[in-house]
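Novice: Got a predicted structure plus its sequence, pasted below:
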Number of protein chains: 2
Amino acid sequence: MKAHRILYAEDDATLAFLTKDSLEQQQFEVDHFANGRECLEAFAKKKYDVCVLDIMMPGVDGFAVAESIRKTDHDVPIIFLSAKTLKEDKLKGLRIGADDYLVKPFSIEELVLKIEIFISRNKKTNKAERKIFTTGSFQFDPENFIVTNNDKKTELTQREAALLQYFFENKNTVLKREQILSAVWGQDDYFFGRSLDVFISKLRKLFAADDSVKIETLHGIGFKLVDRNAD
Amino acid sequence: MKAHRILYAEDDATLAFLTKDSLEQQQFEVDHFANGRECLEAFAKKKYDVCVLDIMMPGVDGFAVAESIRKTDHDVPIIFLSAKTLKEDKLKGLRIGADDYLVKPFSIEELVLKIEIFISRNKKTNKAERKIFTTGSFQFDPENFIVTNNDKKTELTQREAALLQYFFENKNTVLKREQILSAVWGQDDYFFGRSLDVFISKLRKLFAADDSVKIETLHGIGFKLVDRNAD
DNA sequence: ATTATTTGTAAAGCCCCTTTACAAAAAGTA
DNA sequence: TACTTTTTGTAAAGGGGCTTTACAAATAAT
């Protein structure tokens, strides 16, 4: 199996050397850069599995690198490294920008652990189980509850995703209300029925952007997901 | 394997005959009674796996039977059967009193399905996987998120249960904050740390009823679940 | 002794699902 | 056809559970 590639930005030479070395012992392939600019150049040329970015760097700092990376790649996991002195408000910033982060000083084990979590997560995503449903201009990733339409990502909630998945699995097929309810809600009664209607309404808003796809109502019976340019 | 016993209350003789017959064909052992009183007498003598109760019965009705059953048995699954004419407000009543319910006319398949759901659920509960943690006067069922203390049941939320389970699995052992956070929250930072403190506070309220059990704080380190009369 | 950090805990905030409320559409009935 | 009932659409309210905040109290550090 091919080694996983890690992009590592860190301006402290000593720490960088140690970390890089440790990661390589774990069979990772590490490209280290001491500043943000070089980092971005490298990222443009190669595909990395995980990015590990120190926040405090002269010139282009970690935040900026991350921001820039995200413009071209919405998925690479980014792990921030930051100095310990940060207080709550700063931590908050970290939390929103990164997939995960570590506060220095960190142990190599911690870092390796986090990297491995992301890699194994992606393995799943890249291999067999990756089921992506497509219809019209929409793509739906039921594992991650994400619908993409022309680069516009929408995160779904659990129930929205479960319902949508059920529709995709039965595209262009009439689904009776009872059927949907027992499949998605596990129970079928008047109240869950109303809940279903609410969710139908939500999914319709989602599909409003493309009129070749829609959920049709069969009054008194159920619903049907229709893709005009069917597969 | 022994047949599962069903207590069936139904005053309509024809329907009762049909239903009983169908259930017996599914290898269930069915005791049918045409009124609530007999039903309760039977319940007092035998152990049943599932109760199927018609609501509308002369004398003691289904609701009353259920109520009475619940006084001695907190766990038997109860399925209500009710006439179709019910409107929302009535359904509401059903929902709260029963584990599940069916609106007449129902198909036998539906009933069988529901019965089987409960039986298989209980199978799990009765067999191997049933792990019940005990400490002091408390019992904790991590499958069902329930803590029992002298017949007083407390339902826990997911996180409460996950945290409590982690404590039980490591009783009388010091658990470091980071350790708990990565085990129960999957991530460890300042904010989740505060969340942990809030949950510790909740669990302590739970244990307030028995002072031989408590969660101790190791300042700057973590927590420990202590059972004075340890196992 | 004084200051900083960590912990306890009630309360606020937020997210998601359910439930309500009411309008609109469709079906049933006379 | 006119009127009533049922079903559906959808915004908004409600409620539960987890996180976050806020502030007091306890503990540790200087």
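Specialist: Thanks, I have the structure now.

Novice: from here on, contacts and neighbour counts on C-alpha atoms
Specialist: Will do.

Novice: Tell me the spacing between A:Leu203 and chain B.
Specialist: A:Leu203 sits 26 Å away from chain B, going by Cα to the nearest Cα, to the nearest Å.

Novice: How about the residues of chain A by DNA strand C?
Specialist: Proximity of chain A to DNA strand C is confined to A:157-160, A:185, A:191-192, A:194-196, A:198-199, A:219-220 under the rule Cα under 7 Å from any atom of the strand.

Novice: Also within reach of chain B: list those from those residues.
Specialist: A:Phe191 (Cα under 8 Å from any Cα of the partner chain).

Novice: Columns secondary structure and neighbour count on top of the residues of chain A next to DNA strand C, output as a markdown table?
Specialist: Shown next, in a markdown table, are these (DSSP: H, G, I helix; E, B strand; the rest coil; neighbours: other Cα atoms under 10 Å in any protein chain shown):
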| residue | secondary structure | neighbour count |
| --- | --- | --- |
| A:Thr157 | coil | 11 |
| A:Gln158 | helix | 12 |
| A:Arg159 | helix | 14 |
| A:Glu160 | helix | 18 |
| A:Trp185 | helix | 18 |
| A:Phe191 | helix | 14 |
| A:Phe192 | helix | 16 |
| A:Arg194 | helix | 11 |
| A:Ser195 | helix | 13 |
| A:Leu196 | helix | 20 |
| A:Val198 | helix | 11 |
| A:Phe199 | helix | 16 |
| A:His219 | coil | 7 |
| A:Gly220 | coil | 8 |
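
Novice: In stretch A:134-150, which residues are buried?
Specialist: The neighbour-count check on stretch A:134-150 (16 or more other Cα atoms under 10 Å in any protein chain shown) flags A:Thr135, A:Gly136, A:Phe138, A:Gln139, A:Phe140, A:Asp141, A:Pro142, A:Phe145, A:Ile146, A:Val147, A:Asn149 as buried.

Novice: does the fifth one sit in a helix, a strand or a coil?
Specialist: Looking back up the chat, that one is A:Phe140. Classification of A:Phe140 using DSSP: H, G, I helix; E, B strand; the rest coil returns strand.

Novice: Thought A:Lys152 was touching it, still the case?
Specialist: No - using Cα atoms under 8 Å as the test, A:Phe140 is too far from A:Lys152 to be in contact (11.8 Å).

Novice: Quickly list what's touching both of the two.
Specialist: The contact sets of A:Phe140 and A:Lys152 do not overlap (Cα atoms under 8 Å, 6 or more residues apart in numbering or on different chains).

Novice: spatially speaking, which residue is in the middle of chain A?
Specialist: A:Asp75 (5.8 Å; Cα atoms, centre = their mean).

Novice: How far away from the center of its chain is the worst-scoring helix or strand of chain A on mean pLDDT?
Specialist: The helix or strand with the lowest mean pLDDT-type score in chain A, counting by mean pLDDT, DSSP states H and E, is helix A:88-97 (a mean of 76). Put simply, helix A:88-97 sits 19 Å off its chain's centre (Cα atoms, centre = their mean, to the nearest Å).

Novice: Output the helix or strand following it as CSV, restricted to C-alpha atoms.
Specialist: For helix A:88-97, the following helix or strand on the C-terminal side (DSSP states H and E) is strand A:100-103. Output of strand A:100-103 as CSV, limited to C-alpha atoms (Å, rounded to 0.1, in the frame of the first residue of the first chain):
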residue,chain,number,x,y,z
ASP,A,100,-9.1,19.3,14.2
TYR,A,101,-6.2,21.0,16.1
LEU,A,102,-3.5,20.4,18.6
VAL,A,103,-2.2,22.7,21.2
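
Novice: gap between strand A:100-103 and the chain center?
Specialist: That offset, for strand A:100-103, works out to 18 Å (Cα atoms, centre = their mean).

Novice: Ok, stretch A:144-158 next?
Specialist: 9 Å.

Novice: when you scan that stretch, is anything in it near DNA strand D?
Specialist: No - contact of stretch A:144-158 with DNA strand D is not found when judged by Cα under 7 Å from any atom of the strand; the minimum separation is 11.9 Å.

Novice: So what touches that stretch?
Specialist: By Cα under 8 Å, 6+ apart, stretch A:144-158 touches A:Ser137, A:Phe138, A:Gln139, A:Phe140, A:Asp141, A:Ala161.

Novice: Repeat that for stretch A:202-220.
Specialist: For stretch A:202-220, the external contacting residues (Cα under 8 Å, 6+ apart) are A:135-137, A:160, A:164, A:174, A:200, A:223-229.

Novice: Next up, the contacts around the residue nearest to the centre of chain A.
Specialist: Contact analysis of A:Asp75 by Cα under 8 Å, 6+ apart lists nothing.

Novice: same thing but at 10 Å, please
Specialist: Contacts here follow Cα atoms under 10 Å, 6 or more residues apart in numbering or on different chains; on that basis A:Asp75 touches A:Asp49, A:Val50, A:Ile69, A:Asp99, A:Asn122.

Novice: Now which of these would you call buried?
Specialist: Buried by 16+ other Cα under 10 Å: A:Asp49, A:Val50, A:Ile69, A:Asn122, out of the contacts of A:Asp75.

Novice: still on that earlier bit, which elements pack onto the least confident helix or strand of chain A?
Specialist: Packing contacts for helix A:88-97, counted by 3 or more Cα pairs under 10 Å, 6 or more residues apart in numbering or on different chains; DSSP states H and E, involve helix A:62-72, strand A:78-82, strand A:100-103, helix B:190-207.
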